[in-house]
Structures are given as structure tokens and as C-alpha cells.
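K.L.:
quick check, what structure comes out for this input:
(3 chains)
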Amino acid sequence: MNPNVREQILTIISEIPPGRVTSYGRIAAMTDGATARMVARALRDLPSGHGLPWFRVVTASRKLADHGGADEQRNRLMDEGVAFDARGRIAQDRFWP
DNA sequence: CGTTTGACGCGGC
DNA sequence: AGCCGCGCCAAAC
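P.N.:
Now for the predicted structure:
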């Protein structure tokens, strides 16, 4: 993958404010040509110990993506005040522009 | 070099 | 309002 675009992806994620979330697709649209799948791949490839708020990235349907750390992600978000409804979805106004 | 594989998204139904 | 199928594209095989 183009390391330049990857850098953009990581930078955007690092700027998501606490208590807000954004989607894979939204992030992809802010970069120069990345797709939602590339954003997902970039997150998957993150080394442990990075400081990025990876847990603030959710799907376009306002649910958590299906991956191993989904449980931890839910806890992290709730710690920041992000509420989930009974179906595990997040309020739309929680999205970061 | 052809296929398969996903931390996804969207349009149809 | 969900489910399904297809598009997407870098990587792994």
C-alpha cells in the first residue's frame, strides 16, 4: 500500500476527539484515494503499543467492526461516554465530521 | 500470474 | 429495517 496514504489514515484517526467516533468510509474519503478496506487493513497492521485511538473507528452502520478486540473497543468507548443502544449501535451525533 | 481473503460500504430487495 | 450480493484493492498463497 502507498505509505503516504497510510500516513494520512493514521493522522486522521489520531485527531478524532475523545467521546466521538467516525467510520472507515469517512476516514477513507478524507484521504487521497484510500478505500474503507484499506483503512481496516491499516488498523489491523498497527503494532501493539501505538498511541492511536483505534477504538474510535466504527462501521458506517454505527456498529463495531467484527474483529478480536471488539469487546475492548466497546469498553474503551463507554469509558469516554459513548452510549450504545440495545442493538449495539451508536447515536449518529457521535460521529466526528 | 490467477485466486482468495478480509477491523468495509452501498444499492437492491 | 435487515439481509444479500457485488465492488473495492493490497496482500498472502
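K.L.:
hey, let's count contacts and neighbours off CA atoms from now on
P.N.:
Noted.
K.L.:
could you pull out the strands for chain A?
P.N.:
A:22-23, A:57-58 (DSSP state E).
K.L.:
okay if I get those strands as JSON lines plus distance to DNA strand B and mean pLDDT?
P.N.:
What follows is the strands of chain A, written out as JSON lines (distance: least, C-alpha to the nearest atom of the strand, whole Å; pLDDT from 0 to 100):
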{"stretch": "strand A:22-23", "distance to DNA strand B": "5", "mean pLDDT": "98"}
{"stretch": "strand A:57-58", "distance to DNA strand B": "7", "mean pLDDT": "98"}
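K.L.:
how many neighbouring residues does the residue nearest to residue A:42 when sequence neighbours are not counted have?
P.N.:
Nearest residue to residue A:42, sequence neighbours excluded (C-alpha to C-alpha, 6 or more residues apart in numbering): residue A:6, at 6.7 Å. If you count neighbours by other C-alpha atoms under 10 Å, residue A:6 ends up with 18.
K.L.:
out of the strands of chain A, which is the most enclosed?
P.N.:
Across the strands of chain A, the average number of neighbours (mean count of other C-alpha atoms under 10 Å) peaks for strand A:57-58, which reaches a mean of 25.
K.L.:
what comes up buried for the longest helix seen in chain A?
P.N.:
Criterion DSSP state H: the longest helix present in chain A is helix A:3-14. Judged by neighbour count (16 or more other C-alpha atoms under 10 Å), helix A:3-14 contains these buried residues: A:5-6, A:8-10, A:13.
K.L.:
can I get the strands of chain A in CSV including distance to residue A:75?
P.N.:
Formatted as CSV, those follow (distance: least, C-alpha to C-alpha, whole Å):
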stretch, distance to residue A:75
strand A:22-23, 17
strand A:57-58, 14
